[in-house]
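Engineer: pasted the sequence and its predicted model underneath.
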Amino acid sequence: SAVISQKPSRDICQRGTSLTIQCQVDSQVTMMFWYRQQPGQSLTLIATANQGSEATYESGFVIDKFPISRPNLTFSTLTVSNMSPEDSSIYLCSVESASGSNYEQYFGPGTRLTVT
Amino acid sequence: DAKTTQPTSMDCAEGRAANLPCNHSTISGNEYVYWYRQIHSQGPQYIIHGLKNNETNEMASLIITEDRKSSTLILPHATLRDTAVYYCIVRVGYGNKLVFGAGTILRVKS
């Protein structure tokens, strides 16, 4: 399994500002994913981030609002830009890990964002 | 990815087996069944996955019907710490996103 850490664990931000969330993995992984979990809801995928290529965004999510960096195989960042109260959510990164023919995704602890 | 259907909530007595059902009647031949759980305010935790054979690990057992249209996650001796939202997800193996439904809220009671 992979051990994933995220920074910050939580933050309270003012509307109109931006926050960059960091995701660090203890091993090299090809695929990383960013999810959002709005209050009381299930998880929704924002984008897939592969090292060396542009992130692939899901419908309803755009690069200008959620720019992603993936500089190496153990690290990624997600920025939430020009925040509004509707962006208040838990943001989670996950990684794909392979063991033989088995593929599993592991999740970080999440970043709880509150926008006032 | 095929859609899954799970009960909204279930209760289980502490120490008893918790059996969580999942329907995935449109599953295709190359899709796996994955189970995750999310304890309040934490990231989802991988539990188990399988293709067509029953699987067991240190956390749980996964029983998949022969026609693969449904499955059951079994927690053999539920504890209070197993109280969580349990998600059943089907997806093709490598590199594909996990599509989370609403899941089943499992409440383990003493």
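Structural biologist: Great, that's in hand. On a predicted model such as this, the values are computed, not experimentally measured, just so you know.
Engineer: ok, for A:Q14, nearest residue in space, not its chain neighbours?
Structural biologist: Excluding the flanking residues, the one nearest A:Q14 by C-beta to C-beta, 6 or more residues apart in numbering or on different chains is A:T116, at 6.0 Å. Using the backbone N, CA and C atoms, a C-beta is placed for each residue, glycine as well.
Engineer: what does chain B put close to chain A?
Structural biologist: Contact residues (C-beta under 8 Å from any C-beta of the partner chain) of chain B with chain A: B:34, B:41-46, B:49, B:87, B:93-95, B:97-103.
Engineer: list only buried entries from those residues.
Structural biologist: Among these, those classed as buried by neighbour count (16 or more other C-beta atoms under 10 Å in any protein chain shown) are B:34, B:43-44, B:46, B:49, B:87, B:97-100, B:103.
Engineer: point me to the residue of chain B nearest chain A.
Structural biologist: Closest to chain A within chain B is B:G43: 3.5 Å, counting by C-beta to the nearest C-beta.
Engineer: quick check: that residue touching A:L92?
Structural biologist: Yes: the pair B:G43 and A:L92 qualifies as a contact (C-beta atoms under 8 Å) at a distance of 5.3 Å.
Engineer: mind checking pLDDT for the spatially most central residue of chain B?
Structural biologist: In chain B, the residue lying closest to the centroid (C-alpha atoms, centre = their mean) is B:W35, at 3.6 Å. Per-residue confidence (pLDDT) for B:W35: 96.
Engineer: got it, and A:S101?
Structural biologist: 63.
Engineer: what of the one 4 residues further on?
Structural biologist: Each residue has a pLDDT score; the one for A:Q105 is 88.
Engineer: any idea which helix or strand carries it?
Structural biologist: Per DSSP states H and E, A:Q105 falls inside strand A:102-107.
Engineer: what lies in contact with that strand?
Structural biologist: Here strand A:102-107 makes contact (C-beta atoms under 8 Å, 6 or more residues apart in numbering or on different chains) with A:1-2, A:4, A:33, A:35, A:92-98, B:34, B:43-46, B:49, B:93-95, B:98.
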